[in-house]
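Asker: return atomic coordinates for the entry below.
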Amino acid sequence: MSLFGYEIHIKGLVQGVGFRPFVFNLAKEFNLKGEVYNNSLGVVVILQCDEKNILLFKEKLFANLPPLARIDDFSFSYKKLQKTYNEFSISTSQDSEKFSPILSDFALCEDCYNEFYDEKNSRFKYPFITCTNCGPRFSIIKKLPYDRVNTAMNVFKMCSFCQSEYNDLNNRRFHAQPLSCPKCKISIFLKDKNQNILAKDEEAFILLAKLLEEGKIIAFKGMGGFHLICDSTNENVINELRIRKNRHKKPFAIMVKDLKMAQELAFINEAEAKLLTSNLKPIVILKSKNIHKSLAPDTDKIGIMLAYMGTHLSLFEYFKKPIVATSANPSSQSIIYEETKLLEKLSNVFDFYLDYDRQIYNSSDDSIAQVIDDNKIMFLRTSRGLNPVYINAKDIFNSKENVLALGSELKNEFACFFKEQIFISPYIGDMKDLDTQERFFNILEFFQNSYNVEFDKVICDKHPHFNYTKEFKDYKNFRMQHHYAHLCACLFEHKIYNDEVLAFVFDGTGYGDDGKIWGGEIFRANLKSYERLNHFKNFKLINADIKNIANLALALIFDFNLESKASEFLAKFSQIKLNNLKKIHSQSSLYTSSLGRIIDAFGAVAFDIQRLDYEAQIGLLMEKYYDQNLNYSYHFNIKENEICFKKAFLQALKDKDKVKISTGLLNAIANCIIEYSKGFKEEVILGGGVFQNKTLLEILIRKKFNYKTSLKFPCNDSSIALGQLVHYLSLKT
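Answerer: As a prediction, the model looks like this:
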C-alpha cells in the first residue's frame with residue numbers, strides 16, 4: 001500500500017545552528033514519522049502525516065526556532081512517499097554538493113551564561129563554555145563543511161563527557177563544534193612581551209586583574225582578534241594608551257560585566273538595554289554619564305558593550321570595574337589576531353598580553369549600533385554576530401551569473417551573488433592600507449575556495465584610482481557611481497524594487513559622474529536608474545587633505561569672497577600662510593559638493609579645530625551642542641539645481657558660538673530636506689554617512705517628516721558593495 005505525506009523545503013540559516021535536532025525533537029513531540037536531511041539549498045523534511053498535523057508542525061516550528069536559525073523560504077507539497085517510515089530520523093545529506101553557510105561568531109547565550117555561574121555545573125566558570133546556540137564560527141573555521149576537523153578545534157581531543165553531549169540529539173550541544181570543558185580544556189596564558197608565561201588559566205585572570213589595578217595596558221585575545229584593555233576609571237592609563245596608540249581624542253569603547261554596570265555609565269532606554277543584552281552584544285552608542293572625560297573627549301556619547309565571552313566573565317570575576325576595550329591595531333589597520341603580528345606591530349603599546357591556544361583563522365571586529373526614534377536599531381558596523389550574512393535572493397533576481405561587488409575604499413565590505421544567494425562579508429576596513437587589502441583578499445579567497453566560485457562579473461566604484469580594483473583588471477568590470485550605490489542598498493533593504501523615490505544622499509566623498517567629488521546629492525531614482533536633480537553648490541578645495549578642516553573653512557571663505565567678513569577667523573593664521581593657501585586654492589582643480597566637507601568647515605569655525613583627530617568628530621560635537629529648545633536655523637537658497645549655503649556660512653562666521661552654529665546648521669539641513677520634498681509625491685529616502693547623525697534624524701522625526709533610511713545595512717560606505725550588487729542584478733532581471 002502506497003503512503004502519502006508531505007515534503008517540506010526550508011531555506012535560510014538552517015545548517016550548523018542545531019536545526020535538524022530541533023526538527024527531530026519537534027517531530028517526536030507530535031509523534032510523527034519521517035526524516036530530515038540537508039541538501040544543497042537548505043533542509044528537507046519528510047513527514048508521514050495529514051494536513052492538520054503539517055499545519056500544526058509548521059506553526060510550532062516557526063514559533064520555536066533555534067536562536068541562530070533563520071527561515072527565508074518555507075514550502076511544502078503533498079506527494080506519494082518513496083518509502084514507509086517506522087520512526088523519525090536524521091539522515092545524511094542527499095546531495096554531493098552541500099551548501100553550508102559560513103556563520104558569524106555569536107555572544108554567549110543565556111543558557112551558557114547561567115551555567116558559567118552554576119557551581120553544580122561541570123563547566124562552572126570555564127572560560128570557553130559554549131553550545132550550538134552561541135560561540136565562535138567564522139573566527140575558527142578553516143574550510144567547509146563546518147565540522148570540528150575543519151576548525152581550529154581539530155587539535156583538541158574531546159573528553160568522553162563532551163563527546164556524549166556532542167552525540168546526544170536531545171542536548172543543545174549536539175554537534176557543537178567548539179565544544180570543550182575543563183577536562184579537555186583550551187588553555188589560557190598571560191605573557192610578557194618576551195613571550196614568557198607569567199600565569200596560566202585561572203591564575204592568569206587573577207594576575208591580569210592585579211596588573212589592571214596597577215595601571216597596565218593589556219592585549220587581550222577575544223573572539224575575532226585582540227583588544228587593548230585597561231582600567232576605564234584610571235585617567236592616567238587612559239591618557240597613556242592615547243599617547244601609545246596615537247589616538248588623541250577618538251572615543252574608546254567600554255566593556256562592562258552586565259547591564260547594571262552599563263547603567264552606571266550611560267542613560268539606557270528599554271530598546272538600548274535589549275540590544276546590549278542580545279546575542280549580538282554589539283557596541284551600542286549611548287548618552288554618557290559618570291565617565292572620565294578622557295574616555296570620550298568633546299562628546300557626550302560613549303560606546304558600551306557587554307562581556308560576550310566566558311573569558312570576559314572570568315576577568316570580571318577578579319576585576320570589578322569597566323574596562324576600555326579597543327581593537328588592537330595600528331591606526332587605520334585591521335584588528336590583529338595573531339601573536340606574532342601583535343608582538344611585531346604593537347609591542348610598544350601594551351605591557352602584557354593574554355593569549356589562548358585555540359587559533360583564530362578569520363578576524364572580525366565588534367559590530368556597532370545605535371537606537372533611533374526610541375526603538376529602531378541602526379547598525380553602523382556589521383561584523384561579529386551579523387556578518388558574514390546570506391540573503392536568499394531567488395525571488396528577487398533571476399541572474400545566473402556569479403557576481404562580485406568590490407565596495408568602497410573606506411569601511412569596506414564586499415558582496416557576492418551566487419547560487420541565488422547574496423553573500424555580504426564582515427567589515428574589513430579602509431582599503432588605503434596594505435594590511436587591510438591583505439585582509440580583503442584573504443577573506444575573498446576563503447569564500448571562493450569554500451564554494452568553488454569563479455566570478456563572471458566584477459562591480460566596482462567609478463573612482464579611477466582605487467588600487468585594489470586593479471587586481472581585477474582581467475574581469476569584465478562594471479562601474480557604478482558611489483552615491484547611487486548608497487541609495488540602492490537602502491532601496492533593497494526596504495524592498496523597493498521598482499518604484500521611483502526622492503533620495504537625499506549626503507556623505508563625505510564619492511567620485512561623481514562629472515569627475516568632481518560628490519557628497520551632497522538629491523536624486524530621483526529607482527533600482528535601475530537615477531537622475532541627479534540637485535546638489536549642494538560645488539566649492540573648490542585647497543587640497544585633498546580633508547582632515548585639515550581649517551583649510552575647508554578657508555576654501556569657503558576664498559570661494560565666497562568673504563575675507564573682509566571673516567577677519568576674526570583669518571587672524572588665526574599668519575599672512576604668509578594665508579597667501580600661500582590662497583594661491584594653492586586659485587590653482588586647484590578639486591571641486592566638491594560634499595555636505596560632509598561643508599559640515600566640517602562649519603565645525604572648524606564653531607569649535608576652533610584646525611585638524612580632525614578622527615572621522616565624524618565634528619558630527620559628534622554638533623550633536624553634543626545642539627539645543628533642541630533653541631528656535632534657530634540657518635537657511636539654504638535653492639537656485640536651479642544647486643543648494644547655496646553662502647549666507648549660512650557667513651552667519652556662522654558672525655555667530656562664533658558652538659551652540660548656535662550646531663543648532664543652526666542641523667536645523668537647516670533638516671528644513672532643506674523637508675522643504676525640497678514638498679514638490680514631490682515619491683517616497684523619501686535618506687542615505688549616506690551624514691545620516692549616521694542621530695540628532696539630525698530625530699529633528700526630522702520631531703517634525704513628523706516621513707522617510708526611510710538604512711538600518712539593517714549601514715548607511716555609511718560599508719553598504720556600497722550591496723548597492724553595487726543589487727543595481728547590477730536588477731538590470732539583469
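Asker: what segments of the stretch 601-733 of the chain are strands?
Answerer: Assigned by DSSP state E, counting those that start in this stretch, the strands in the stretch 601-733 of the chain fall at 637-639, 642-644, 683-687, 708-709.
Asker: switch these over to a markdown table; also include distance to Lys400 and mean pLDDT.
Answerer: The C-beta positions use only the backbone N, C-alpha and C, and glycine is treated the same way. A markdown table is the format used below for the strands of the stretch 601-733 of the chain (distance: least, Cβ to Cβ, whole Å; pLDDT from 0 to 100):
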| stretch | distance to Lys400 | mean pLDDT |
| --- | --- | --- |
| strand 637-639 | 45 | 91 |
| strand 642-644 | 43 | 97 |
| strand 683-687 | 29 | 98 |
| strand 708-709 | 31 | 98 |
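Asker: what segments of the stretch 451-600 of the chain are strands?
Answerer: Assigned by DSSP E, counting those that start in this stretch, the strands in the stretch 451-600 of the chain fall at 457-461, 477-480, 501-511, 517-525, 530-536, 539-540, 591-592.
Asker: and of the ones you listed, who's closest to Lys341?
Answerer: Taking Cβ to Cβ, strand 457-461 is the member of the strands of the stretch 451-600 of the chain nearest to Lys341, at 28.8 Å.
Asker: what's the burial count for Leu711?
Answerer: Counted with other Cβ atoms under 10 Å, the neighbours of Leu711 add up to 17.
Asker: wait, I meant Asp608
Answerer: Neighbour count of Asp608, defined by other Cβ under 10 Å: 12.
Asker: ditto for the one 10 residues further on
Answerer: As a burial measure, Ile618 scores 23 neighbours (other Cβ under 10 Å).
Asker: before we move on, back to that, Serialize the strands of the stretch 451-600 of the chain to TSV and add fields for mean pLDDT and distance to Cys184.
Answerer: What follows is the strands of the stretch 451-600 of the chain, written out as TSV (pLDDT from 0 to 100; distance: least, Cβ to Cβ, whole Å):
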stretch	mean pLDDT	distance to Cys184
strand 457-461	96	45
strand 477-480	92	50
strand 501-511	96	50
strand 517-525	98	55
strand 530-536	98	57
strand 539-540	96	64
strand 591-592	96	59
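Asker: so which of those comes closest to Ser288?
Answerer: Ser288 lies closest, by Cβ to Cβ, to one member of the strands of the stretch 451-600 of the chain: strand 501-511, at 25.3 Å.
Asker: got the angle between the closest one and strand 457-461?
Answerer: 80 degrees (axes from the mean of the first three to the mean of the last three Cα atoms, to 10 degrees).
Asker: would you list the strands that strand 501-511 pairs with, along with their directions?
Answerer: Applying DSSP bridges, strand 501-511 is found paired with strand 517-525 (antiparallel), strand 683-687 (parallel).
Asker: buried residues in the last one?
Answerer: Within strand 683-687, the residues scored as buried using 16 or more other Cβ atoms under 10 Å are 683-687.
Asker: show me which pair in those residues is furthest apart.
Answerer: Of all pairs drawn from the buried residues of strand 683-687, the one with the longest distance (Cβ to Cβ) is Glu683 and Gly687, at 12.7 Å.
Asker: please point out which parts of the helix ranked longest in the chain sit buried.
Answerer: The residue-count maximum for a helix in the chain (DSSP state H) belongs to helix 658-677. Within helix 658-677, the residues scored as buried using 16+ other Cβ under 10 Å are 658-674, 676-677.
Asker: run the chain-centre distance for that helix.
Answerer: Helix 658-677 sits 28 Å away from the centroid of its parent chain (Cα atoms, centre = their mean, to the nearest Å).
Asker: in the stretch 101-250 of the chain, which spans are helices?
Answerer: Taking DSSP state H, counting those that start in this stretch as the test, the helices found in the stretch 101-250 of the chain are 110-116, 160-166, 201-213, 235-245.
Asker: and those: which comes nearest Lys708?
Answerer: Closest of those to Lys708 is helix 110-116, at 33.1 Å (criterion: Cβ to Cβ).
Asker: for that closest one, packing partners?
Answerer: On a contact count with 3 or more Cβ pairs under 8 Å, 6 or more residues apart in numbering; DSSP states H and E, helix 110-116 meets helix 310-316.
Asker: for the helix it packs on, which helices and strands make contact with it?
Answerer: helix 110-116, helix 201-213, strand 218-221.
Asker: if we can go back for a sec, could the strands paired with strand 501-511 be laid out in TSV, adding distance to Phe423?
Answerer: Below are those laid out as TSV (distance: least, Cβ to Cβ, whole Å):
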stretch	distance to Phe423
strand 517-525	25
strand 683-687	22
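Asker: between those strands, which one is nearest to Asn548?
Answerer: Closest of the strands paired with strand 501-511 to Asn548 is strand 517-525, at 15.5 Å (criterion: Cβ to Cβ).
Asker: any idea how the protein splits into domains?
Answerer: Each domain of the chain is listed here as a residue range: 4-90, 188-356, per automatic domain parsing.
Asker: point out the most buried one among the ones you listed.
Answerer: domain 188-356 (a mean of 19; mean count of other Cβ atoms under 10 Å).
Asker: measure it end to end?
Answerer: 4 Å (Cα to Cα, to the nearest Å).
Asker: check stretch 619-637 too.
Answerer: End-to-end span of stretch 619-637 (Cα to Cα): 23 Å.
Asker: got the buried residues for it?
Answerer: Under the neighbour-count criterion of 16+ other Cβ under 10 Å, stretch 619-637 has 619-626, 632-634, 636 buried.
Asker: contacting residues around that stretch?
Answerer: 251, 298-301, 599, 603, 606-607, 643-648, 651-652, 658-668, 671-672, 690, 692-695, 702 (Cβ atoms under 8 Å, 6 or more residues apart in numbering).
Asker: one more time with 7 Å, if that's ok
Answerer: For stretch 619-637, the external contacting residues (Cβ atoms under 7 Å, 6 or more residues apart in numbering) are 298-301, 599, 603, 607, 643-645, 647-648, 651, 658-660, 662-668, 671-672, 693-695.
Asker: stretch 722-730 too?
Answerer: Stretch 722-730 has contacts (Cβ under 7 Å, 6+ apart) with 397, 399, 403, 405, 407, 415, 417, 422, 424, 459, 478, 480, 485-489, 492, 527-528, 713.
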